[in-house]
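> Coordinates for the following, if possible.
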Amino acid sequence: MTASSHLHRLDAAGGCPHARNAALLSQGAVAPVELPGGVQGAAVLGHHALKTFLSHPDVAKDPRHFTALREGRVPDGWPLTTFATVPGMTTADGADHRRLRTLVGEAFSRRRIAALHPFVSTTVDRLLGDLEQAALAADGVADLRRHFAMPLPMSVVCRLLGIDDAHTTRLHRLSNEVVATDLTPAQVHSANVEMAALLADLVAARAAQPGDDLTSALLAVRDEDGHRLSPEELIGTMLLLIVAGHETTLNLITNAVRALCAHRDQLALVQARKATWSDVVEETLRWDSPVSYFPFRYTTRDVALGGAVIPAGVPVLAGYSAAGRDRAAHGPDADRFDVLRKDRRHLSFGHGAHFCIGAPLARMEAALALAGLFERFPETDLAVPEEDLAPNSGFVGNSVLRLPVRVRRP
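Here you go, the predicted structure:
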């Protein structure tokens, strides 16, 4: 595939991706990889190559182009099956993709996002109170990820979908499990069965009592004009919105707080109003993307890219965290976190037809979260050394499992 014939085996347990990315980028913008289960694929790592790849006419999302899966060579219980096969926008192309995207598009319109602003602000205030109470009960230290960064986007997604907040903890656990790369086949099966049953129950609840929410709107489409949305696509769309709608924003907020705590000079710039919270969000998206390697796209024929040829039919990962620190695109200081960086272009929300539909909402949530946190607790800092923070398991998401911080009012 590349000038180097070395096949890089992705660690199913994950870990911090940046050193691995740098080593792979030194060999080229595209790398052959071995996925769990011995499935061979590729990863596109360079910024310019990835931008081209994400909108390439010979690249598809439909798993019928995944040769090993079509030929039955993917092992049962493969941990990445959900990514490849869930019915919805992430596995559709062309007219099917446009149809599904249009059905949820209104929920992410500027008008709808603006209408969510007061809810997000109120939720930020409430969760900061919870964070403070958790810290007061533990010598001033609390897990920001658990008490703040996770429940904020999950509450927003649940409000969009008309799901009661009582389900948030279970939905978060199952979201992690259905997209994990380090589970056994039995664990993969169990997580998918439980998630499908829970979503079916939530759909039934909205069908019995419709409201002004996206699930009710999708149900109306399914029931009134079934050919526009099948029952399987409804469940797949809900799964996508729950997983993508909270996991990426959770990681974004967590990574931004880590970055600011480790770069107090950059935090000082924002507090002195020489930079904005939106600047922090964009630089975090570039410097420490919430997603490291996102599955999957498939080449419909051999595609020459970045000095390599990707064979037809292989599963290809989008290397967002690698592209964010690619020196060929971001210069020799690509590894530096700089909220005043003039060119912060990044691909963390994708590019082309599949650009993340929830990007404006994620940006708004993260900016309000950071502003609320550091305005109420301006001296927020890590309670443990950076090197003691355990990275997420799996190689898809990019963050840490816990973020213990010291929070106190000035």
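> what's the neighbour count on the nearest residue to His97 once chain neighbours are set aside?
In space, and not counting its chain neighbours, His97 is closest to Met89: 6.0 Å by Cβ to Cβ, 6 or more residues apart in numbering. In short, each C-beta sits where N, CA and C put it, glycine included. When neighbours are defined as other Cβ atoms under 10 Å, Met89 has 24 of them.
> Then Asp338?
Asp338: 18 surrounding residues under other Cβ under 10 Å.
> In the protein, where's the longest helix?
For the chain, the longest helix by residue count, based on DSSP state H, is helix 231-262.
> thinking again about what came up before, ok, the residue nearest to His97 touching Arg98?
No: here Met89 lies out of contact with Arg98, judged by Cβ atoms under 8 Å, at a distance of 9.5 Å.
> Need the three-state assignment for Ala318.
Secondary structure, DSSP: H, G, I helix; E, B strand; the rest coil: Ala318 is strand.
> Could you give the secondary structure assignment for the residue lying closest to it once chain neighbours are set aside?
Nearest residue to Ala318 in three dimensions, chain neighbours excluded: Phe294, at 4.5 Å (Cβ to Cβ, 6+ apart). For Phe294, the assignment made with three-state DSSP gives strand.
> Enumerate every residue touching Phe294.
Taking Cβ atoms under 8 Å, 6 or more residues apart in numbering, we find Phe294 in contact with 317-318, 320, 396.
> quick one: which of those residues is most hemmed in?
Top of the contacts of Phe294 by neighbour count (other Cβ under 10 Å): Tyr320, with 27 neighbours.
> Tell me if I'm right that that one and Trp287 touch.
No: between Tyr320 and Trp287 there is no contact under Cβ under 8 Å: 11.5 Å.
> For the closest residue to Gly350 other than its chain neighbours, list the residues it contacts.
Of all residues not flanking Gly350 in the chain, Cys356 sits nearest, at 5.4 Å (Cβ to Cβ, 6+ apart). Cys356 is in contact with 244, 248, 349-350, 362, counting by Cβ under 8 Å, 6+ apart.
> Need the contact partners of the helix or strand hosting Ala268.
Here Ala268, judged by DSSP states H and E, is contained in helix 264-271. Residues outside helix 264-271 that contact it (Cβ under 8 Å, 6+ apart): 259-261, 275-277, 279-280, 337-340, 374, 378.
> which of those residues sit farthest apart?
Spatial extent of those (Cβ to Cβ) is set by the pair Asp338 and Pro378 at 20.7 Å.
> Can you get me a residue count around Leu69?
21.
> Buried residues, the helix or strand containing it. List them.
Element membership for Leu69, per DSSP H and E: helix 67-70. Neighbour-count burial for helix 67-70, counted by 16 or more other Cβ atoms under 10 Å, picks out 67-69.
> so where's the stretch 101-250 of the chain shaky on pLDDT?
226 (pLDDT under 70).
> for it, what spans make up the strands?
141-143 (DSSP state E, counting those that start in this stretch).
> Then the stretch 251-400 of the chain?
Counting by DSSP E, counting those that start in this stretch, the strands of the stretch 251-400 of the chain are 293-299, 303-305, 308-310, 315-319, 381-382.
> on that earlier part again, can you name the element that comes right after the helix holding Leu69?
helix 81-85.
> Render the CA-only coordinates of that next one in PDB, please.
Provided in PDB are the C-alpha atoms of helix 81-85 (Å, rounded to 0.1, in the frame of the first residue of the first chain):
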ATOM      1  CA  THR A  81     -19.500  -4.300  13.500                       C
ATOM      2  CA  THR A  82     -21.800  -1.600  14.800                       C
ATOM      3  CA  PHE A  83     -19.800   1.100  13.000                       C
ATOM      4  CA  ALA A  84     -19.900  -0.900   9.800                       C
ATOM      5  CA  THR A  85     -23.500  -2.000   9.800                       C
END
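> buried sites along that helix?
Result for helix 81-85 [16+ other Cβ under 10 Å]: buried residues 81-84.
> Quick check: the gap between Thr91 and Asp338.
Thr91 sits 37 Å away from Asp338, going by Cβ to Cβ, to the nearest Å.
> go on, Ser190?
44 Å.
> Kindly report the same for Asp93.
With Cβ to Cβ as the criterion, Asp93 and Asp338 are 37 Å apart.
> who does Gly319 bridge with?
Judged by DSSP bridges, the bridge partners of Gly319 are Tyr293.
> how many neighbours does it have?
Neighbours around Gly319, by other Cβ under 10 Å: 32.
> check contacts around it.
Gly319 touches 21, 24, 43-45, 50, 292-293, counting by Cβ under 8 Å, 6+ apart.
> switch the cut-off to 6 Å
43-45, 293 (Cβ atoms under 6 Å, 6 or more residues apart in numbering).
> Just the closest of the residues you listed to Leu214, please.
Tyr293 (28.4 Å).
> What count of nearby residues applies to that closest one?
The burial count for Tyr293: 29, using other Cβ under 10 Å.
> Use 513 as the first number from now on
Sure thing, new numbering starts at 513, so read that last one as Tyr805.
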